[in-house]
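> test case, fold it:
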Amino acid sequence: MTGLIVDNFAGPLAVDICCGLGGWTEGLLAEGWRVRGYDIEEHVYGDERYPAELVIRNVLEMHGSEIADAELIVASPTATDCWVMYGAVAKTSIWFERAVYPGGT
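Now for the predicted structure:
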């Protein structure tokens, strides 16, 4: 299949949730996927911007029907969200340790 030109609009649909600048999307496009990205805002840094269809949407308000036609869904929540979740887990872990081992370990 040498010389095959991939039409990015003809491949299977992938949805990139919390897409940012499109790290996942660039790889998917290179492999022939058609990609629709969702993010709460458009990210532009200099000349860099999202390379495919972009839907500005709060993903917490999405309905499943919006992505029902996707064959692949990837999601990359922000580092801030991960640290908030990690903080909650860490606090729970510290509380649990103190409750189980009141005098220390």
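
> use CA for all of it now, contacts and neighbours both
Fine.

> list of residues touching stretch 64-78?
12-19, 24 (Cα atoms under 8 Å, 6 or more residues apart in numbering).

> recalculate using a threshold of 7 Å.
12-19 (Cα atoms under 7 Å, 6 or more residues apart in numbering).

> which ChimeraX command selects the buried ones in the residues you listed?
The ChimeraX command for the buried members of these (criterion: 16 or more other Cα atoms under 10 Å) is given here:
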select :13,14,15,16,17,18,19
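
> next step: the contacts of stretch 64-78 restricted to strands.
Residues from these lying in strands, with DSSP state E as the criterion: 13-17.

> sorry, back to before: and the contacts of stretch 64-78, which two are the farthest apart?
Across the contacts of stretch 64-78, the longest distance by Cα to Cα is 19.5 Å; it joins 12 and 18.

> hey, where'd the helices end up in the protein?
Taking DSSP state H, the helices of the chain run over residues 23-30, 79-100.

> the residue nearest to residue 49 when sequence neighbours are not counted: neighbour count?
Leaving aside its sequence neighbours, residue 49 sits nearest to residue 21 (Cα to Cα, 6 or more residues apart in numbering; 5.6 Å). By the criterion of other Cα atoms under 10 Å, residue 21 has 19 neighbours.

> the one 5 residues further on now?
Other residues near residue 26 number 15, with proximity taken as other Cα under 10 Å.

> try the one 3 residues further on
By the criterion of other Cα under 10 Å, residue 29 has 20 neighbours.

> hmm, back to that, dump the contacts of stretch 64-78 into a markdown table; add distance to residue 45 and pLDDT as well.
A markdown table is the format used below for those (distance: Cα to Cα, whole Å; pLDDT from 0 to 100):
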| residue | distance to residue 45 | pLDDT |
| --- | --- | --- |
| 12 | 28 | 95 |
| 13 | 26 | 96 |
| 14 | 24 | 96 |
| 15 | 22 | 95 |
| 16 | 19 | 94 |
| 17 | 19 | 91 |
| 18 | 16 | 89 |
| 19 | 14 | 92 |
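
> pLDDT wise, what is the residue nearest to residue 49 at?
pLDDT, residue 21: 90.

> over to the one 10 residues further on?
In this model, residue 31 is scored at 93, pLDDT.
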